[in-house]
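Enquirer: Here is my input; please provide its structure:
(4 chains)
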Protein chains: 2
Amino acid sequence: MFESINANICKKNEFTPDEIEYFNTILQYKEVPKKTLLLQEGEICNFEAYILKGCIRKYYINENGFEVIIQFAIEDWWISDIASFHEKKPSKLFIETLEDCQLLILTPETKEMLLQKVPKFERIFRLLIQRNLSAMQNRLIDTIAKSAQEKYLEFIKLYPTIPQRVAQHHIASYLGISAEFLSKVRTKLAKQ
Amino acid sequence: MFESINANICKKNEFTPDEIEYFNTILQYKEVPKKTLLLQEGEICNFEAYILKGCIRKYYINENGFEVIIQFAIEDWWISDIASFHEKKPSKLFIETLEDCQLLILTPETKEMLLQKVPKFERIFRLLIQRNLSAMQNRLIDTIAKSAQEKYLEFIKLYPTIPQRVAQHHIASYLGISAEFLSKVRTKLAKQ
DNA sequence: CCTATGCATTGAACTAGGACAAGAAATGAT
DNA sequence: ATCATTTCTTGTCCTAGTTCAATGCATAGG
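Expert: The predicted model follows:
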């Protein structure tokens, strides 16, 4: 059960077997059926979830009821509302499973214990956030500077497996374009 | 010279006077005239700069020569290309002073020393990145879900002092709209 | 096997915002 | 003070993308 997460976390073998062992005992295994809300607006996010199996989306609904997908997460990704999790503030986001999921969960308490016992993990988590930030920055740039077609092509290049797993209108919402227009972009691309 | 940075970093008094003292000795003071490029595409970013005085922009130029401003930074903000700084990878960004600046600088070496000597700083920097990530997320949402006028109003609400300091076309570039259209939005708002 | 529900496609009419151009206003260097 | 450069404004025309509505297509549940 822990192979993939250990391989991911400990790529550079910075940890002793004992430390990894402790890390694994602290993770909570959880199965969740599809279409489950793991987090709703107003709740405090009490988990960071590593996805062993399944697919999840994180999204925001603005004051006009307009929905924006912030992130898709599949196997070997983490998902959480970091701001809400760390600062124990009510979240503005929704997190929903799109498929049946198998998860490994950290809670604020277990994460705290882990960091106390093995402070080296601070670095690991900082790297995760940093990569997140980079990805978010690139996405912002593309959102601003690219056409709908370019954004779509970029998306399928970056996440080739996701289009087969999630509804097209969700991808449109992620790209910041309407579902209808994405459909038109796709038919245009197919004709070429 | 160190009052503001110390107040910012050590809000919750988590540090001993010695630790703060060490932190301060490690910071390098630097003055930079306006319109200086602190970082160019292709270079490895070797600084994290805390702004004592002045105003800086960070931006990206895409393959069509289209410019997107990622961040404005003024007094008491940090600016850097974190990805490039930490992973020693060539940056894709430009960082330019818009006014004469007074900076306090961390280099990869001094930051490493600081973290070695006072590991508690890991937490501080993680919080900084986290806040950055939150801000970036909010901005992405606004970029996707709001009209030009809403984005502009949001911007001046969030950063009321910046419009007086930077050129309007820079704000347009930050908001992801054309300079001409921002001008039209503003005249429309002024008439109301 | 049938039917309800959600999903994707297509078309027509509309609009927010872009591109271009030209003038006005501000800023700065000499 | 003057000229040059940059910045801001305004108008016209244009287009990428939206909205709405209709239709066909799957899929899941009884």
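
Enquirer: Check the offset of the strand or helix carrying residue A:85 from the chain's centre.
Expert: Element membership for residue A:85 (DSSP states H and E) is helix A:82-87. Relative to the centre of its chain, helix A:82-87 is centred 14 Å away, using C-alpha atoms, centre = their mean, to the nearest Å.

Enquirer: residues of it that come out buried?
Expert: Neighbour counts over helix A:82-87 (16 or more other C-beta atoms under 10 Å in any protein chain shown) mark A:82, A:83, A:84, A:85, A:86 as buried. (C-beta placed from N, C-alpha, C; glycine too.)

Enquirer: out of all of them, which helix in chain A is the longest?
Expert: helix A:121-145 (DSSP state H).

Enquirer: contacting residues around the spatially closest residue to residue A:42 that is not a sequence neighbour?
Expert: With sequence-adjacent residues excluded and distances taken as C-beta to C-beta, 6 or more residues apart in numbering or on different chains, residue A:42 is closest to residue A:90, at 5.1 Å. Contact analysis of residue A:90 by C-beta atoms under 8 Å, 6 or more residues apart in numbering or on different chains lists A:41, A:42, A:43, A:44, A:84.

Enquirer: Could you look up the SS state of the first one?
Expert: Classification of residue A:41 by DSSP: H, G, I helix; E, B strand; the rest coil places it in coil.

Enquirer: Helices of chain A, start to end?
Expert: Under DSSP H, chain A gives helices at A:3-9, A:17-26, A:82-87, A:108-117, A:121-145, A:148-158, A:168-175, A:179-191.

Enquirer: Using CSV, write out every CA atom in the first one.
Expert: This file holds the C-alpha atoms of helix A:3-9, laid out as CSV (Å, rounded to 0.1, in the frame of the first residue of the first chain):
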residue,chain,number,x,y,z
GLU,A,3,5.2,1.8,-2.2
SER,A,4,4.0,4.6,-4.3
ILE,A,5,3.9,7.2,-1.6
ASN,A,6,7.3,6.2,-0.3
ALA,A,7,8.8,6.3,-3.7
ASN,A,8,7.3,9.7,-4.2
ILE,A,9,8.2,11.2,-0.9
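
Enquirer: For it, name the packing helices and strands.
Expert: Contacts defined by 3 or more C-beta pairs under 8 Å, 6 or more residues apart in numbering or on different chains; DSSP states H and E place helix A:3-9 against helix A:17-26, strand A:48-53.

Enquirer: can we see that at 7 Å?
Expert: When contacts are defined as 3 or more C-beta pairs under 7 Å, 6 or more residues apart in numbering or on different chains; DSSP states H and E, helix A:3-9 packs onto no helix or strand at all.

Enquirer: and what of the last one?
Expert: With contacts defined as 3+ C-beta pairs under 7 Å, 6+ apart, the secondary structure elements packing on helix A:179-191 are helix A:148-158, helix A:168-175.

Enquirer: Tell me which of those is the most buried.
Expert: helix A:168-175 (a mean of 20; mean count of other C-beta atoms under 10 Å in any protein chain shown).

Enquirer: what does that one contact?
Expert: With contacts defined as C-beta atoms under 7 Å, 6 or more residues apart in numbering or on different chains, helix A:168-175 is touched by A:57, A:67-69, A:72, A:148, A:151-152, A:155, A:163, A:178-179, A:182-183.

Enquirer: Packing partners of the longest helix of chain A?
Expert: So helix A:121-145, by 3+ C-beta pairs under 7 Å, 6+ apart, packs with helix A:108-117, strand B:67-73, helix B:82-87, helix B:121-145.

Enquirer: before we move on, back to that, average model confidence for the helix holding residue A:85?
Expert: Summarised as a single mean, pLDDT over helix A:82-87 is 95.

Enquirer: what about dumping the CA coordinates of it to PDB?
Expert: Extracted in PDB, the C-alpha atoms of helix A:82-87 (Å, rounded to 0.1, in the frame of the first residue of the first chain):
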ATOM      1  CA  ILE A  82      -3.700  24.100   2.200                       C
ATOM      2  CA  ALA A  83      -4.700  27.600   3.500                       C
ATOM      3  CA  SER A  84      -7.700  26.200   5.400                       C
ATOM      4  CA  PHE A  85      -5.800  23.200   6.600                       C
ATOM      5  CA  HIS A  86      -2.900  25.100   8.100                       C
ATOM      6  CA  GLU A  87      -4.600  28.200   9.400                       C
END
